[in-house]
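**Student:** quick one: sequence plus predicted model below, questions after.
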Amino acid sequence: MTARPESLGGLSARQWKSGAAAWLGWLFDGLELHLYTLVAAPLVIHLLGAAGGADPAVKEKSAYIQAAFLVGWALGGAFFGRLGDRIGRSRALSFTILTYALCTGLCAAAQTWWQLMIFRFLAALGIGGEWAVGAALLAETWPRDWRPWLSAVLQTAVNLGILVAAGLVALLSFLPHPPGERWVFLIGVAPALMVFWIRAQVPESEAWTRAESQSARRPGLRDLFRGEVAPVTLHTSAVCALSLSGWWLFQFWHPQHLRRLLELSGSAHGQETRSISIAFFWLNAVAIAGNFAAGWLAGRVGNRRAIAVFFAGMFGAMAGGFAVPRGFGEMAWFWMPLVGFFSGVFGLFTMYLPPLFPTLLRTTGAGFCYNIGRLAAAAASLVFGWLAPVGDYRTALLCASALILAAALWAMRLPADAS
């Protein structure tokens, strides 16, 4: 059982600054992540000049763009994770934020679907790197007893970023002459301004500075597969690959499923985007409660058991929602938010993974294990995009729930919490 954390008043200025930098990074992560998800269908339809979402090319190209994004996220986690172990957490964090902010802005200039795919890939490099570097920075600067609650607070920042994205897209749809879907990406340039504050105010982790000065040898990627570290790498990578594949299939395809339900009911184009944005807003508002529920449970039974319980709950919610045909209202206001509640499990990985690895292998290990799941999710996006019949997203989403069940079962083989 986790001890009661010390009071907030006992935290140092260094800890507050590192916490603020990581929290803002996660907030903008959420914003950048879901700007595309919310406007994917109409934007790809526009770029392809297709007649509507029933065109098979729309589904195919959307899957390619999503897969490229997930591959970029995985490679960014590996690249910037390695960079964070070599040049320090604070400097690497600045590079990750600058990368994803500027490249998200470039998405507004895309004239073809493959240009959008390239820009999303580049933006994903920074988003994947920010997770690994920011997580290690907090794990090394904040007290151990705060880790379950830090996980919840950081994941809440992602949810708030998603809420901001959903709110902005919904507000744009109310304008008398709404701008095209592409222009929402210009919102993503804003985080670039935060880099100046990080470089000026956020000090380097003392743990990294001390380890870097005392180490005679810098560990490399191969060290993740040697000795006592090898089983940690194996089991955490497997759980992340299974769970993130299922989660990202849900994240990408469920808005398309809701849009299809609205199309079948005869909703107007502008109303569809607005309704999906509101439903997305509600899902992530409920997810915030799930973040703190997951943190509370991890504080009582440890991360390993909490992760298994929450994945089991997510499987039940997904299977329940997609096992039989349901209407938009039932899906949007009950089943999807229930899945969102159990998504609080992903916040636990933030503070759980980095301490499992040696200091100079920390962002490399956390970035590799968590982001290897993005590669699996990218492959799953392509496979589901090829196999799912046009418009039949429910079957694909039901199959995705099986991956979450497998993650719940494998989670019991995860290592115990590190000190």
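**Tutor:** That came through, no problem. The model shown is predicted, which means the values in this text are computed figures rather than measured ones. Numbers count the residues shown, from 1 in each chain.

**Student:** just for the stretch 201-350 of the chain, where's the confidence low?
**Tutor:** Low-confidence regions of the stretch 201-350 of the chain, defined here as pLDDT under 70, cover residues 215-217, 268-270.

**Student:** same question for the stretch 1-150 of the chain.
**Tutor:** For the stretch 1-150 of the chain, the stretches with pLDDT under 70 are 1-9, 38, 51-54.

**Student:** nearest residue to residue 256 in space, please, no chain neighbours.
**Tutor:** Of all residues beyond its chain neighbours, the one nearest residue 256 is residue 393 (5.4 Å), with distances taken as Cβ to Cβ, 6 or more residues apart in numbering. For the C-beta atoms, the positions are set from N, CA and C on the backbone; glycine is no exception.

**Student:** which ones are touching that neighbour?
**Tutor:** 253, 254, 256, 257, 260 (Cβ atoms under 8 Å, 6 or more residues apart in numbering).

**Student:** check residue 167 too.
**Tutor:** By Cβ under 8 Å, 6+ apart, the contact set of residue 167 is 277, 281.

**Student:** repeat the analysis, applying 7 Å as the threshold.
**Tutor:** Contacts here follow Cβ atoms under 7 Å, 6 or more residues apart in numbering; on that basis residue 167 touches residue 281.

**Student:** what about the strands in the stretch 301-419 of the chain?
**Tutor:** Per DSSP state E, counting those that start in this stretch, the stretch 301-419 of the chain carries no strands over any range.

**Student:** ignore what I typed, I meant the stretch 151-300 of the chain.
**Tutor:** The residue ranges that make up strands in the stretch 151-300 of the chain, judged by DSSP E, counting those that start in this stretch, are empty, as it has none.

**Student:** burial of residue 171, as a residue count?
**Tutor:** Look at residue 171: counted by other Cβ atoms under 10 Å, it has 12 neighbours.

**Student:** what's near enough to touch it?
**Tutor:** Contact criterion Cβ under 7 Å, 6+ apart gives no residues in contact with residue 171.

**Student:** about what we covered before: of all the contacts of residue 393, which comes closest to residue 40?
**Tutor:** Using Cβ to Cβ, the shortest approach to residue 40 within the contacts of residue 393 belongs to residue 256, at 7.5 Å.

**Student:** in this structure the closest one contacts residue 41, no?
**Tutor:** Yes - if you go by Cβ atoms under 7 Å, residue 256 and residue 41 touch, sitting 6.1 Å apart.

**Student:** what about the closest residue to residue 47 other than its chain neighbours, neighbour count?
**Tutor:** Counting by Cβ to Cβ, 6+ apart, residue 47 lies nearest to residue 113, which is 4.6 Å off, once chain neighbours are set aside. Other residues within reach of residue 113, judged by other Cβ under 10 Å, total 19.

**Student:** same check, this time on the one 5 residues further on
**Tutor:** Other residues near residue 118 number 17, with proximity taken as other Cβ under 10 Å.

**Student:** that one: what secondary structure?
**Tutor:** In terms of secondary structure, residue 118 is helix; the call rests on DSSP: H, G, I helix; E, B strand; the rest coil.

**Student:** and it, how far from residue 110?
**Tutor:** Plainly put, residue 118 is 8 Å away from residue 110 if you go by Cβ to Cβ, to the nearest Å.

**Student:** which residue ranges form the helices in the stretch 251-400 of the chain?
**Tutor:** 269-301, 303-322, 328-330, 336-342, 345-352, 362-387, 393-410 (DSSP state H, counting those that start in this stretch).

**Student:** please apply the same query to the stretch 1-150 of the chain.
**Tutor:** Counting by DSSP H, counting those that start in this stretch, residue ranges of the helices within the stretch 1-150 of the chain are 13-48, 56-87, 89-106, 113-141, 147-174.

**Student:** contacts only, for residue 250.
**Tutor:** With contacts taken as Cβ under 7 Å, 6+ apart, residue 250 has the following neighbours: 318, 339, 397, 400.

**Student:** name the nearest of these relative to residue 48.
**Tutor:** Nearest to residue 48 among the contacts of residue 250, with distances taken as Cβ to Cβ, is residue 397, at 23.6 Å.

**Student:** with adjacent residues omitted, what lies nearest to that closest one?
**Tutor:** Leaving aside its sequence neighbours, residue 397 sits nearest to residue 322 (Cβ to Cβ, 6+ apart; 4.7 Å).

**Student:** then residue 130?
**Tutor:** Spatial nearest neighbour of residue 130, excluding adjacent residues (Cβ to Cβ, 6+ apart): residue 96 at 4.0 Å.

**Student:** what's the burial count for the one you found?
**Tutor:** Per other Cβ under 10 Å, the neighbour tally for residue 96 reads 29.

**Student:** so it touches residue 133, yeah?
**Tutor:** Yes - look at residue 96 against residue 133 with Cβ under 7 Å: they come within range, at 6.0 Å.

**Student:** can you list residues touching both of the two?
**Tutor:** Between them, residue 96 and residue 133 share the neighbouring residues residue 80, with contact defined by Cβ under 7 Å, 6+ apart.

**Student:** related to what we said a few turns ago, will you turn the contacts of residue 250 into JSON lines that also has distance to residue 233 and neighbour count?
**Tutor:** Listed next are the contacts of residue 250 as JSON lines, based on distance: Cβ to Cβ, whole Å; neighbours: other Cβ atoms under 10 Å:
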{"residue": "318", "distance to residue 233": "28", "neighbour count": "29"}
{"residue": "339", "distance to residue 233": "28", "neighbour count": "28"}
{"residue": "397", "distance to residue 233": "30", "neighbour count": "24"}
{"residue": "400", "distance to residue 233": "25", "neighbour count": "26"}
